[in-house]
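1. Generate coordinates for the sequence data below:
(2 chains)
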Amino acid sequence: MSEHPRAPDTPPAANFVRELVLADRAKGDFGGRVQTRFPPEPNGYLHIGHAKAICVDFGIAEEFGGICKLRFDDTNPETEETEYVDAIVDDVRWLGFEPGEPLYASDYFEQLYQWAEHLIATGFAYVDDQDAETISAQRGGYGRPGVESPFRSRDVEENLDLFRRMRAGEFADGAHVLRAKADMQHDNMQLRDPIMYRIRHEHHHRAGDAWVLYPTYDWAHGQSDAIEGVTHSLCSLEFDSHRALYDWYLEHLPLPGDQPRQIEFARLELTHTVTSKRKLRELIDDGLVDGWDDPRLPTLRALRRRGYPPSAIREFCEFIGVGKTNSRHQIELLEWFIRNQLNRTAPRRMTVLHPIKLVITNWPDGRTEMMTLQNNPEDPADGIRDVPFTGELWIEADDFMAEPSPKYYRLSPGSEVRLRGAFFVKCTGFETDGQGRVAEVHCTYDPETRGGNSSEGRKVKATIHWVSTAHAIDVRVALYDRLFTADVPGERTGEPLDDLNRNSKTVVDAKAEPAVAAAAPGQVLQFERLGYFAADGAERSLFHRTVGLKVEWANIQKRPK
RNA sequence: UGGGGUGUGGUGUAACUGGCAACACAGCAGAUUCUGGAUCUGUUAUUCAAGGUUCGAUUCCUUGCACCCCAACCA
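-> Got it, this is the predicted structure:
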């Protein structure tokens, strides 16, 4: 792992979860043990928001010498699939954590059932015959008490009988539910006799057809924690009001060990993107992006394809900390961590995205010379390579201006620049095509500057990249812009898609130096002066722009004259 | 409408449980540079509001205000 931007000997940033765990240990709770879990529902792919949760869940456990397990919260057979299970395990591992053998809430269905009977027997649960609408209406509202179900006083024997027959499959979906007998007057709506079981004649991705009775999240979650020996059950803020119910269930059960503690923290949100499963799915289903691994998406699969190093994502997550404040981090900060990492590790190559021809008029006809360039000036250990140089090169269209604006110090008539690692060249003229666009730039080179330095100490203000036209290889480069133009997609209208950037992807045909052909699938290169680019995992010669370099020039142009 | 949570520069996060409000990103200025990158130096800017307690309040008290979550047989 690379070094953290924080000074190495400063203690880890304060973090309220860490402090709560510390306090529990000081009290001797849980026998000093720390165990957490990462509990995704296998109904979609993991995204950057999950990455933070994973870092927190695994991170806290690791920090205290405890363990963290991956548990699938697969209590709803309608939406869950094995495909997602495999992808999630894979993503967790890619991020850099060892999920071990995954656990499944569905493996606890029998124990959950037994505990449900225990609750019935002790008078804390009952079978309700009413439909969802009626139950919802009886629940009351904010500031209005609920009214009790007419089935609430059903006796234990009848409840037990009905519940067993529910399990046996005697009833249709929705005919009965099992409810906790808590408090219909409670200020916290979660405690107004919540549903524990619903009947679903549905195939389960793991349990198969063994059950028609499925536990709800609230009934399954804390109990699963208890079964596994979880000590600290970390979840996101919206479950705050569920904590009372989490505790209620646990307090009414003969637990095998200590009662786990739920702690809520703020999830990660980023500007210019969305993480809701519904929106993500919509983008894909409507063909607005090319699939779950489209590099514009915040899914882990997409970020991986785009070339984001997992270690940089982890550093980012550690850096932003853990708190209870709802907030949205600027995507620029994440990108800073990505660049910071890649700058040290990505080999440099030259690729011209928008080529125009540069002709060196005093270069000997037909001559090729090999220029030696460092693979990474930030890491001399990365070695050197030879790049073929000739009298006809591709250079970036942006690197020439027929009428240079103030402060522009690349190529323009009469100016001299350095061709990276090669020679100084002086512009002597240019040709335009029929529409007045620059088609070809002419220059002369100074043979005394071979390697890129003038012997008499002459300086140039700019260095540009180049590719010999005779040796260039053709590559396709996908340039990505923000998927959403607004910081907070949907903030104005309530509909994120209203802020969709319709031009978030541009694919250009580019010219690259020969060494680019050797890029391994997934490898990230720095195309000099342009940014970082990841070789596609499947399509050779396709590169995805991971992130651009910072462009000072853009700021210069923005400044008032 | 009842309950719960949260408010610190432009953004995000800290401040040893009352003692000079700090760090990072972004911005600006300069140095340096064979990437207008990176690096280095400097710099602008912050405690939701109003009261109170106190020698002293981001921290404690009171009252407001703003935002988020909760009335799925989703998680």
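
2. Run a quick neighbour tally on the residue of chain A found nearest RNA strand B.
-> When scored by Cβ to the nearest atom of the strand, chain A has residue A:452 as its residue closest to RNA strand B, at 2.1 Å. Every residue, glycine included, has its C-beta placed from N, CA and C. Residue crowding around residue A:452 was assessed by other Cβ atoms under 10 Å; the count is 16.

3. helix or strand for it, which one?
-> In this structure, residue A:452 sits in neither a helix nor a strand according to DSSP states H and E.

4. Report whether stretch A:196-211 contacts RNA strand B.
-> Yes. Stretch A:196-211 reaches RNA strand B (Cβ under 7 Å from any atom of the strand) through A:198-199.

5. Sorry, wrong one. I was asking about stretch A:430-448.
-> No. Taking Cβ under 7 Å from any atom of the strand as the criterion, stretch A:430-448 and RNA strand B are apart, separated by no less than 12.2 Å.

6. Residues contacting that stretch, please?
-> A:356-363, A:395, A:397, A:400, A:402, A:411, A:413, A:419, A:423-429, A:454-456 (Cβ atoms under 8 Å, 6 or more residues apart in numbering).

7. Just the buried ones from these?
-> A:356-360, A:363, A:395, A:400, A:411, A:413, A:419, A:423-427 (16 or more other Cβ atoms under 10 Å).

8. show me where pLDDT drops low in chain A?
-> Counting by pLDDT under 70, chain A contains low-confidence residues at A:1-13, A:561.

9. ranges for the helices of it?
-> With DSSP state H applied, chain A shows helices at A:16-27, A:48-63, A:82-95, A:109-121, A:132-138, A:156-167, A:217-228, A:243-251, A:277-285, A:300-306, A:310-320, A:331-345, A:552-558, listed in chain order.

10. now the first one and helix A:48-63, what's the angle there?
-> Compare the direction of helix A:16-27 with that of helix A:48-63 by axes from the mean of the first three to the mean of the last three Cα atoms, to 10 degrees and you get 20 degrees.

11. The fourth one too?
-> Orientation of helix A:109-121 against helix A:48-63 (the same axes, to 10 degrees) gives an angle of 90 degrees.

12. Just list what helix A:109-121 packs against, helices and strands only.
-> Packed against helix A:109-121 by the contact rule (3 or more Cβ pairs under 8 Å, 6 or more residues apart in numbering; DSSP states H and E) you find strand A:125-128, helix A:156-167, strand A:177-180, strand A:195-199, strand A:213-215, helix A:217-228.

13. can you pull the contacts of the nearest residue to residue A:328 once chain neighbours are set aside?
-> Once its chain neighbours are removed from consideration, residue A:328 has its nearest residue in residue A:269; the separation is 4.2 Å (Cβ to Cβ, 6 or more residues apart in numbering). The neighbours of residue A:269, taking Cβ under 8 Å, 6+ apart as the test, are A:49, A:275, A:326-329.

14. Now restrict these to buried residues only.
-> Neighbour counting with 16+ other Cβ under 10 Å marks A:49, A:275, A:329 as buried within those.

15. Could you list which of those residues also contact RNA strand B?
-> Of the residues in those, proximity to RNA strand B by Cβ under 7 Å from any atom of the strand holds for residue A:329.

16. Dump the buried ones among the contacts of residue A:269 to CSV, plus distance to residue A:303.
-> Shown next, in CSV, are these (distance: Cβ to Cβ, whole Å):
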residue, distance to residue A:303
A:49, 12
A:275, 12
A:329, 15
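
17. Going by distance to residue A:206, which of the buried ones among the contacts of residue A:269 wins?
-> Sorting those by how near they are to residue A:206, with Cβ to Cβ, puts residue A:49 at the top with 24.8 Å.

18. residues contacting that closest one?
-> Going by Cβ under 8 Å, 6+ apart, the list of residues near residue A:49 reads A:267-269, A:275, A:298.

19. Ok, residue A:127 next?
-> Contacts for residue A:127 (Cβ under 8 Å, 6+ apart) come out as A:151, A:154, A:158-159, A:162-163, A:166, A:176-179.

20. Make JSON lines from those residues and add distance to RNA strand B and neighbour count to it.
-> Written out in JSON lines, the entries for the contacts of residue A:127 read as follows (distance: Cβ to the nearest atom of the strand, whole Å; neighbours: other Cβ atoms under 10 Å):
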{"residue": "A:151", "distance to RNA strand B": "11", "neighbour count": "17"}
{"residue": "A:154", "distance to RNA strand B": "15", "neighbour count": "17"}
{"residue": "A:158", "distance to RNA strand B": "18", "neighbour count": "13"}
{"residue": "A:159", "distance to RNA strand B": "16", "neighbour count": "22"}
{"residue": "A:162", "distance to RNA strand B": "13", "neighbour count": "22"}
{"residue": "A:163", "distance to RNA strand B": "14", "neighbour count": "23"}
{"residue": "A:166", "distance to RNA strand B": "11", "neighbour count": "20"}
{"residue": "A:176", "distance to RNA strand B": "7", "neighbour count": "22"}
{"residue": "A:177", "distance to RNA strand B": "5", "neighbour count": "23"}
{"residue": "A:178", "distance to RNA strand B": "9", "neighbour count": "27"}
{"residue": "A:179", "distance to RNA strand B": "9", "neighbour count": "22"}
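
21. Next one: the nearest residue to residue A:343 once chain neighbours are set aside relative to residue A:30, how far apart?
-> Computed as Cβ to Cβ, 6+ apart, the closest residue to residue A:343 that is not its neighbour in sequence is residue A:378, at 5.9 Å. For residue A:378, the distance to residue A:30 (Cβ to Cβ, to the nearest Å) stands at 46 Å.

22. neighbour count winner among these two?
-> The residue with more neighbours, out of residue A:378 and residue A:30, is residue A:30; 21 against 14, by other Cβ under 10 Å.

23. Go ahead and confirm that one touches residue A:226.
-> No. At 11.9 Å, residue A:30 and residue A:226 do not qualify as touching, with contact defined as Cβ atoms under 8 Å.

24. which residue sits closest to residue A:390, ignoring its sequence neighbours?
-> Distance criterion Cβ to Cβ, 6+ apart; nearest residue to residue A:390, sequence neighbours excluded, is residue A:468 at 4.5 Å.

25. how deep is that neighbour tucked in, by neighbour count?
-> The burial count assigned to residue A:468 is 22, neighbours taken as other Cβ under 10 Å.

26. what residues does the stretch 151-300 of chain A put near RNA strand B?
-> So far as Cβ under 7 Å from any atom of the strand goes, the stretch 151-300 of chain A lies against RNA strand B at A:173-174, A:177, A:187-190, A:194-195, A:198-199, A:214-218, A:220-221, A:237-242, A:266.

27. What are the neighbouring residues in contact with the residue of chain A closest to RNA strand B?
-> Residues A:418-424, A:463 are the ones in contact with residue A:452 under the rule Cβ under 8 Å, 6+ apart.

28. Run the contact check for stretch A:334-343 versus RNA strand B.
-> Yes. Part of stretch A:334-343 sits close enough to RNA strand B to count as contact by Cβ under 7 Å from any atom of the strand, namely A:336, A:339-340, A:343.
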